[in-house]
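Novice: Quick one, fold the following:
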Amino acid sequence: KDDDVKSQIQKPSTVGDGYVEPPIHPLTLLSLYQSNPYHASACTLKANDILRSGWSLTDPDAATEVRRFLNNCRPSFEYTLLSALLDLQVFNYCTLEIIRDKSGAPVRLGYIPAHTIRVHEDGTRYRHTWDGVNVTYMKDYRYEGEVNPETGEDTDGVGANEVIFISLPNPLCSYYGAPKYLSAVTSILGMKKVQEYNYAFFDNFTIPSYLITVTGEYEDEMILDAEGNPTGKTVLQELIEENFEYIRQHPHTPIVLSIPGGGDVEITFQPLNIDTKDLNFKEYLQELRRDIIAAHMIDPYRLGVGDVGALGGNLAEVARRTYYESVVRPQQRIIASVFTDFIQTHFDVPDTVEFFFNEEDILESDVVKGCTSLVLSGVMTPREVRRRLFNDDTGPDVYYVPPSVTPKPNASTKRDPRLEEKAWQHLIKE
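Specialist: Predicted coordinates:
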């Protein structure tokens, strides 16, 4: 019945063989990744943060075969997945190869560089190539048919390996999506131009541009080309340029100019860039850096960029939690849902077996300080705090009473449980 239901959405334009090109060429995105340290660091950090908390499988007793499959990855599943996650940040999509044996059973996962993959318009197969000449075809893990690895056509028997293709949603393209940092491309390129400017300045040994004027009575003549036509450059001009080129290659060398002629000659050196405003230049760099960080929605403190609140307060904790809940966790859920679907369609496991990333405990310093104060003042026990923060019942269940506090002889050793709840709610509200 599902085969009779078809989408009426128009498909994007494709090349002659039906494979869709990404909206932004992957090599262009790769060059951006290699040209800016903040952009590259942001992509790397997000990939690491997604995998940092680790992963698990629900119902581990029923997932023995799945765990064995993941552990077969070379050199490890974590290394393979991290490689794909970095592609996900750079290109907005990533691919993993499901290597199968002769019977078609999955053996292990392998990493495929995302920029070598193209998706077919029907979403059932992929084309993999490094040079556009040597091509290998693979099929989507959801496709029930078999694909010839050499032609990309349907075939009988066990054919090409399968592919897990993961992309993040973006309205620009339903196949590949598009990286969210595209809004900061001008800032990435702007920082590249700044780096090129600084490199040229120091490559010139910080010698500024000069306006050199020669006035007085001197002899000079035009330089002619091989056909006797004027080149627009004089002998004296070429002499001065050669001297400055020599100084650039051999700094701290005196200039010696021999001016032909017997009259008085005056030579003036006037630097052209003495009014460079370094402060505005630094502010421009800071704005470019902020644009890149904002486009990645990353915690700026992870990149070594600090920020201060309106009242001088540190915004690190707020930025860290916002980044985790708005960037890391949503991507973890998307990736986990794809892996769960793959596991449940390729392994004989119950529906209770799911792949998921472990949650990371992000505790704000005010809460930690408040809990410490409650423990040291004898209001809560360490076990009560651990139960509240980590859902963990371990630790000493003893009240620590400060030495300065002397309990009364008739004081009760029992406490109303409502007091604990009241203290905790007071701590959270603060």
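Novice: count of residues packed around Phe357?
Specialist: As a burial measure, Phe357 scores 20 neighbours (other C-beta atoms under 10 Å). All C-beta atoms are positioned from the backbone trio N, CA, C, and that covers glycine.
Novice: try Gly159
Specialist: Applying other C-beta under 10 Å, we find 23 other residues in the vicinity of Gly159.
Novice: Phi first, then psi, for it.
Specialist: phi -110, psi -130 (degrees, to the nearest 10).
Novice: looking at it, it is touching Lys139, isn't it?
Specialist: Yes: if you go by C-beta atoms under 8 Å, Gly159 and Lys139 touch, sitting 7.1 Å apart.
Novice: joint contacts of these two?
Specialist: 146-147 (C-beta atoms under 8 Å, 6 or more residues apart in numbering).
Novice: Pairing partners for Arg125 in the sheet, please.
Specialist: For Arg125, the beta-bridge partners under DSSP bridges are Lys139.
Novice: What sits closest to Asp264 if chain neighbours are left out?
Specialist: Nearest residue to Asp264 in three dimensions, chain neighbours excluded: Gly216, at 4.9 Å (C-beta to C-beta, 6 or more residues apart in numbering).
Novice: Give me the phi and psi angles of that neighbour.
Specialist: Phi and psi for Gly216, reported as degrees, to the nearest 10, are phi 120, psi -160.
Novice: Please report how far it lies from Thr268.
Specialist: Gly216 sits at a distance of 11 Å from Thr268 (criterion: C-beta to C-beta, to the nearest Å).
Novice: Flag the shaky bits of the stretch 51-200 of the chain, pLDDT-wise.
Specialist: Residue ranges of the stretch 51-200 of the chain with pLDDT under 70: 200.
Novice: hey, where'd the strands end up in it?
Specialist: 55-57, 93-100, 106-112, 117-120, 125-129, 135-140, 146-147, 154-155, 162-167 (DSSP state E, counting those that start in this stretch).
Novice: Let's have those in JSON lines, adding mean neighbour count.
Specialist: Below are the strands of the stretch 51-200 of the chain laid out as JSON lines (neighbours: other C-beta atoms under 10 Å):
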{"stretch": "strand 55-57", "mean neighbour count": "17"}
{"stretch": "strand 93-100", "mean neighbour count": "22"}
{"stretch": "strand 106-112", "mean neighbour count": "19"}
{"stretch": "strand 117-120", "mean neighbour count": "23"}
{"stretch": "strand 125-129", "mean neighbour count": "20"}
{"stretch": "strand 135-140", "mean neighbour count": "20"}
{"stretch": "strand 146-147", "mean neighbour count": "20"}
{"stretch": "strand 154-155", "mean neighbour count": "14"}
{"stretch": "strand 162-167", "mean neighbour count": "22"}
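Novice: So for Phe244, which of those sits nearest?
Specialist: Comparing the strands of the stretch 51-200 of the chain against Phe244 with C-beta to C-beta, the closest turns out to be strand 125-129 (49.8 Å).
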